[in-house]
Structures are given as structure tokens and as C-alpha cells.
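Q: How does the following fold in three dimensions:
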Amino acid sequence: MHLMTATRPDIAYAVGYVSRFMENPQEEHWVAVKRIFRYLQGTKTHGICFKPGDNIDFRGYSDADWAGDLADRKSTSGYTFMLMGAPVSWGSKKQSRVSLSTSEAEYIALSLAIQEGKWIHRLLRASR
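A: Numbering: from 1, shown residues only. From the prediction side, this is the model:
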């Protein structure tokens, strides 16, 4: 199931979250996995569509949840990059340290997104 996150950005966070409990899953984790499978069953005909256009429209978004993990109070960073209206890169990662403010958590998330965005930008320039 974890491999599906490479082609399904809509489930990337949910799969990443429940995968943290693979060593010792509880009933609530199995319920969450079943919910993900039901969602996949209901959306298997959905796809990603690129919008036509003359100019290359490349946009990036980042976000963080400050102290979102109740167990250790660490934040999660996330980003999505869109090309011509369709997602081409996305990711989420639990931050390695505890942020003392929402601004700090957002700054760490932005740093992660900028690294990915610069790589994609160079790839797009090289492919012209």
C-alpha cells in the first residue's frame, strides 16, 4: 500500500501516518487502513489531468502542523508542486525536532519545499 503514494498524492499523508504503527498496530490503525482501501475503491476511476496552455504554470505549496503528533509533539511538513494544474511532486515528513512555534514549523516545511522546488525547476529548464 505504501507504494501507492507514488501515484496517489491524495492518500500520501494517510498512508504515511498509519505506516508509523506497522510494528505494533492497534484496532484504530486497522480501521484507518480499511478506510483508505474503501476510499481507493470509490476513486479508482479518478485521474490527474494537465490543463492545456502556452505558458508553463509551475506552483508550489507547503504547510506544517505545529506539534501535531500528540506522542512527541513533533510537527509534520508537507508540500505539493503543480505543473499545468496537476500534481507532479508531493511529500510529507515528520520533522526531526520539536518546533517551539508555528512559525518555526512553517519555516522548516518551507525549507523542505524549496529544496524540492529547486530540483524540479532545474529539471524543467534542462528539458526545454
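Q: For the rest of this, base every contact and every neighbour count on C-alpha atoms.
A: OK.
Q: Settle this for me: Ser75 is touching Asp69, isn't it.
A: Yes - shown here, Ser75 and Asp69 form a contact pair, counting by Cα atoms under 8 Å, at 6.5 Å.
Q: More neighbours: which of these two?
A: Per other Cα atoms under 10 Å, whichever of Ser75 and Asp69 has more neighbours is Ser75, with 26 against 13.
Q: show me the contacts for that one.
A: Applying Cα atoms under 8 Å, 6 or more residues apart in numbering to Ser75 gives the contacts Ala64, Asp65, Trp66, Ala67, Gly68, Asp69, Lys94, Gln95, Val98, Ser99, Ala105.
Q: Grab the nearest non-local neighbour of the third one.
A: Think Trp66. The shortest distance from Trp66 to any non-neighbouring residue, by Cα to Cα, 6 or more residues apart in numbering, is to Ser75 (4.8 Å).
Q: Phi first, then psi, for that neighbour.
A: Here is the backbone geometry of Ser75 (degrees, to the nearest 10): phi -90, psi 160.
Q: got it, and the one 5 residues further on?
A: For Thr80, the backbone dihedrals (degrees, to the nearest 10) come out as phi -140, psi 140.
Q: Surely it and Ala86 touch.
A: No - taking Cα under 8 Å as the definition, Thr80 is not a contact partner of Ala86, at 9.9 Å.
Q: Name the secondary structure element that contains the residue nearest the centre of the chain.
A: Nearest to the mean C-alpha position of the chain, counting by Cα atoms, centre = their mean, stands Gly91 at 3.3 Å. Gly91 is part of strand 86-94 when elements are defined by DSSP states H and E.
Q: Repeat that for Asn24.
A: Per DSSP H and E: Asn24 is located in neither a helix nor a strand.
Q: what's the answer for Ala12, then?
A: Per DSSP H and E, Ala12 falls inside helix 12-19.
Q: ok now the next helix or strand after that helix, how far from the chain's centre?
A: Using DSSP H and E, the helix or strand that directly follows helix 12-19 along the chain is helix 27-42. Chain-centre distance of helix 27-42: 18 Å, with Cα atoms, centre = their mean, to the nearest Å.
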